[in-house]
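Trainee: Provided below are the primary sequence and the corresponding predicted coordinates.
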Amino acid sequence: MNQKKAAIAVRSCWEYLSCQKKDCPAYGQIGLPCWEVTGHRCGDRVFPRIEEKLIQCCFRCGYFKQLKERVQGRRWVDITLLETLEDALVRSARYSKNVEDRYMEVIRRSKLMNLLGEVSKMISRLDREEDIILAILTVITAKQGLGFNRAFVFLRGPEFNVLRGKYALGPSSPEEAENIWKILEKDATISLEKLVSKGQKLLYLRNSPLTRVTMKLSVTIDDMDSLLVRGMREVLFIKKGDLVRSDDLHVASALGLEDFCLCPIATVEDSLGLIIVDNIFTGKAITAEDAHLLDMIVSHATTSLRAAQLKESLKKNVESLKITYRKLKASEERMMKAERLAVSGELTSSVIHEIRNPLVAIGGFARNLWHSANLTPGDRSKLEIIMNEALRLERYLEQLQSKVSELKLEEGDINQVLEDNCQLLQKDFEDHNITLLRSFAPDLPSCSFDVVKIHEVFLNILQNSIEAIGEDGTVQVKTWKDSKRVFIEISDDGKGIAQDQINKIFTPFFTTKEKGSGLGLAFAHRIIKDHGGNVSVSSAVGEGTSFVVALPVAAAVANA
């Protein structure tokens, strides 16, 4: 009976537990359990909800169990009510925990949606690869974002089978990390967009020491056993001890990676590269939830990144086409100038030829008359003047002829000359719906030729082929060689040339065209002859024409 009274006299947890923590706020409280005052049992975590306190504290407490035993032997209804209350509390706690978990999940998803919205807003205003990657890495490493310590970007190189380090963001040493965190703590309210804007102005990515290290690294994509290559297809958690391949070990060593995560940068159609993240300075473990958020952020931005890459590539191609166009335009102008010079030279040669013949006759007759015995001294003096002037003019014409026929020889590749001419006339072929077929011998020896004049030859023959076809046809350019010569054949399936005209086509001023000058093929024939080569032509009306040019190889020209 005394024991029972003593037990009843105990009216609080601290009395029952003989607690001596007199500094505890629950000490000395009468009629109240300790957790009602402190929120927890001694040494246990705080339980915010009343049902959790009952379940986690009272239901496990010996004192509570003692109180519970007092009702034994009493009415069945009291015992049932107590058990029902206990079961209801347990169910309520489970339900509350479930509601709280779902509430936290809603909060988490809401934060994620806000973060994705902010990322979309930032990236929609960016159109350069570097700026978009800066935005992604800022979100990944900033405290306002995912909060990783460091992030590295590897992208496919121009070789396409090589993964090259491109960018990195984060501190390169513990001291730098501490300084950065101190600065950020002073301005904790700064938005991600402002961080990205600041990074653009200060060129964070280009000036980052980590970027300089990262840009020196590469991995061969063909190595399917490489974990880094696998990271282009799936999210991976990696420890340095898991690495086996030499490329992987080299990258991990250069970047100081220990425990890290790989996240692919990929669209549905293609893999662009990967992102590596770690927490080397804080030592915080990367959870599956962290990796999931990282994957969502990167996937969300990849389409914009790919679009920016394509836009930059298109811009480079346009610039390249502009440069090519300017070169072709310059080549066309040089060709036109060369054609004008060739016309001038051929006209000069024709004039020289026409003047020389009667001039030689005049000089010859004057010398014959000078030897005549019937001449008076006055007539003989006049004949001497005629003879001397005729001789002077002959010498002048010889000098002029040598200048017109002079070649500026240099060794070159005939295939390249033909390719340049084909490119120059590409628009003409397309406008007339003419198919151009090339068959260039790959091992063609070099020849010695005057670049300007030899260009004029093939340009003239190709233009004749286009005019002969008119619309819808085929032009074939072919090269081959023998031991001493290089052969170039230009054939077409145009209207052809009548047999009675073939022998006249190289005659100056002969033409079958309404607006032709009759000098183009004559010049071409003359230029090839000056180079020590020859031109032959075969044709059939209605079937087409074929020109074959033969030029000596460089050694043969040197020995001639």
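Mentor: Everything's here; your move.

Trainee: so W480 sits in a strand?
Mentor: Yes: counting by DSSP: H, G, I helix; E, B strand; the rest coil, W480 is part of a strand.

Trainee: can you tell me which residues contact it?
Mentor: With contact set as Cβ atoms under 8 Å, 6 or more residues apart in numbering, W480 has these partners: A441, L444, V486, F487. For every residue, glycine as well, the C-beta is placed using N, CA and C.

Trainee: Which strand residues bridge it?
Mentor: F487 (DSSP bridges).

Trainee: per-residue confidence for it?
Mentor: W480 carries a pLDDT score of 92 in this model.

Trainee: and what of L169?
Mentor: 86.

Trainee: residues contacting it?
Mentor: By Cβ under 8 Å, 6+ apart, the residues touching L169 are L134, L137, T138, I140, T141, R150, A151, Y204, L205, S208, L210, T211.

Trainee: Give me the subset of those that lies in helices.
Mentor: Among the contacts of L169, the ones falling in helices (DSSP state H) are L134, L137, T138, I140, T141, Y204, L205, L210, T211.

Trainee: Mark which of those are buried, thanks.
Mentor: Buried members of those, counted by 16 or more other Cβ atoms under 10 Å: L134, L137, T138, I140, T141, Y204, L205, L210, T211.

Trainee: which residues touch the second one?
Mentor: Contacts here follow Cβ under 8 Å, 6+ apart; on that basis L137 touches A151, V153, Y167, A168, L169, L205, I275.

Trainee: For those residues, work out which two are farthest apart.
Mentor: Pairwise distances across those peak at 13.4 Å for L205 and I275 (criterion: Cβ to Cβ).

Trainee: hmm, back to that, Serialize the buried ones among the ones in helices among the contacts of L169 to TSV and add fields for distance to N460.
Mentor: Shown next, in TSV, are those (distance: Cβ to Cβ, whole Å):
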residue	distance to N460
L134	56
L137	59
T138	62
I140	63
T141	65
Y204	59
L205	55
L210	61
T211	55
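
Trainee: Using pLDDT, spot the least trustworthy of those residues.
Mentor: Across those, the bottom pLDDT score, 70, is held by Y204.

Trainee: Flag the shaky bits of the stretch 101-250 of the chain, pLDDT-wise.
Mentor: The stretch 101-250 of the chain contains residues with pLDDT under 70 at 108, 177-189, 192, 199-203.

Trainee: Show me where it has its helices.
Mentor: 129-141, 174-186, 192-202, 204-207, 209-214, 227-230, 246-255 (DSSP state H, counting those that start in this stretch).

Trainee: chain center to the first one: distance?
Mentor: The offset between the C-alpha centroid of helix 129-141 and the centroid of the whole chain comes to 18 Å, using Cα atoms, centre = their mean, to the nearest Å.

Trainee: Repeat that for the fifth one.
Mentor: Taking Cα atoms, centre = their mean, one finds helix 209-214 lying 20 Å from the centre of the chain it belongs to.

Trainee: Distance to L551 for the contacts of L137 - can I get that in a markdown table?
Mentor: What follows is the contacts of L137, written out as a markdown table (distance: Cβ to Cβ, whole Å):
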| residue | distance to L551 |
| --- | --- |
| A151 | 61 |
| V153 | 54 |
| Y167 | 54 |
| A168 | 57 |
| L169 | 61 |
| L205 | 55 |
| I275 | 58 |
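
Trainee: Buried members of those into PyMOL, please.
Mentor: Only the buried entries of the contacts of L137 go into this PyMOL selection, using 16+ other Cβ under 10 Å:
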select buried, resi 151+153+167+168+169+205+275
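
Trainee: In this protein, spot the helix with the most residues.
Mentor: Max-length helix for the chain by DSSP H is helix 288-370.

Trainee: could you check the angle helix 129-141 makes with it?
Mentor: If you take axes from the mean of the first three to the mean of the last three Cα atoms, to 10 degrees, helix 288-370 sits at 170 degrees to helix 129-141.

Trainee: As CSV, the helices of the stretch 101-250 of the chain with distance to S536 would be great.
Mentor: Converted to CSV, these look like this (distance: least, Cβ to Cβ, whole Å):
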stretch, distance to S536
helix 129-141, 56
helix 174-186, 77
helix 192-202, 67
helix 204-207, 62
helix 209-214, 63
helix 227-230, 59
helix 246-255, 59
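
Trainee: what about those, which gets the closest to V119?
Mentor: helix 129-141 (5.6 Å).

Trainee: For that closest one, list the C-alpha coordinates in CSV.
Mentor: What follows is helix 129-141, C-alpha atoms only, in CSV (Å, rounded to 0.1, in the frame of the first residue of the first chain):
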residue,chain,number,x,y,z
GLU,A,129,27.0,29.6,-76.4
GLU,A,130,29.3,31.1,-73.8
ASP,A,131,26.5,33.2,-72.2
ILE,A,132,24.1,30.3,-72.1
ILE,A,133,26.7,28.1,-70.4
LEU,A,134,27.5,30.8,-68.0
ALA,A,135,23.8,31.0,-67.0
ILE,A,136,23.7,27.2,-66.6
LEU,A,137,26.8,27.1,-64.5
THR,A,138,25.7,30.1,-62.4
VAL,A,139,22.5,28.3,-61.5
ILE,A,140,24.4,25.1,-60.7
THR,A,141,27.0,26.7,-58.4
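
Trainee: what about the strands in this structure?
Mentor: 150-156, 162-169, 218-220, 236-239, 259-266, 271-278, 409-412, 434-439, 447-450, 473-481, 485-492, 534-540, 544-552 (DSSP state E).

Trainee: will you turn those into JSON lines that also has distance to I528?
Mentor: Below are these laid out as JSON lines (distance: least, Cβ to Cβ, whole Å):
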{"stretch": "strand 150-156", "distance to I528": "50"}
{"stretch": "strand 162-169", "distance to I528": "48"}
{"stretch": "strand 218-220", "distance to I528": "51"}
{"stretch": "strand 236-239", "distance to I528": "67"}
{"stretch": "strand 259-266", "distance to I528": "58"}
{"stretch": "strand 271-278", "distance to I528": "54"}
{"stretch": "strand 409-412", "distance to I528": "14"}
{"stretch": "strand 434-439", "distance to I528": "21"}
{"stretch": "strand 447-450", "distance to I528": "10"}
{"stretch": "strand 473-481", "distance to I528": "15"}
{"stretch": "strand 485-492", "distance to I528": "10"}
{"stretch": "strand 534-540", "distance to I528": "5"}
{"stretch": "strand 544-552", "distance to I528": "6"}
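
Trainee: so which of those gets nearest D428?
Mentor: Closest among these, using Cβ to Cβ: strand 434-439, at 7.9 Å.

Trainee: Now that closest one: buried residues?
Mentor: For strand 434-439, a neighbour-count test (16+ other Cβ under 10 Å) marks I434, L436 as buried.
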